[in-house]
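Trainee: fold the following and give me the result.
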Amino acid sequence: MDQPVLRPPDRSRTSWPELVGSSSFAAGFVIVYDRPDVHVDFFVAGQALPPGDSKRVVAFTDGNNTVVYPPYVG
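Mentor: From the prediction side, this is the model:
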């Protein structure tokens, strides 16, 4: 049986457009896999954000834990 191949992490990433439509749980794993040097903060779309942080990834959800905009560092 063939095993899926896990792609190597990409430490230079600053956004994850492919995660739109993913669960927040799955998105968090992908982001931290690529960038273990950052933390992920989830916000409901439309919620005000605290000031930017280069060690934070912002991810917006629809309130039901589905990512609705590409997560990004900031």
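Trainee: neighbouring contacts of stretch 49-61?
Mentor: By CB atoms under 8 Å, 6 or more residues apart in numbering, the residues outside stretch 49-61 that reach it are 16, 19, 24, 27-28, 31, 35, 37-45, 47, 67-69, 71-74. The C-beta positions use only the backbone N, C-alpha and C, and glycine is treated the same way.
Trainee: what mean pLDDT does that stretch have?
Mentor: Mean per-residue pLDDT for stretch 49-61: 95.
Trainee: with stretch 19-28 instead?
Mentor: For stretch 19-28, the per-residue pLDDT averages 98.
Trainee: all strands of this structure, in order?
Mentor: 39-44, 56-61, 72-73 (DSSP state E).
Trainee: packing partners for the last one?
Mentor: Right, the one you point to is strand 72-73. Applying 3 or more CB pairs under 8 Å, 6 or more residues apart in numbering; DSSP states H and E, one finds that strand 72-73 makes contact with strand 56-61.
Trainee: and the strands of the chain as CSV, adding mean neighbour count and distance to Ser12?
Mentor: Formatted as CSV, the strands of the chain follow (neighbours: other CB atoms under 10 Å; distance: least, CB to CB, whole Å):
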stretch, mean neighbour count, distance to Ser12
strand 39-44, 14, 17
strand 56-61, 21, 14
strand 72-73, 16, 11
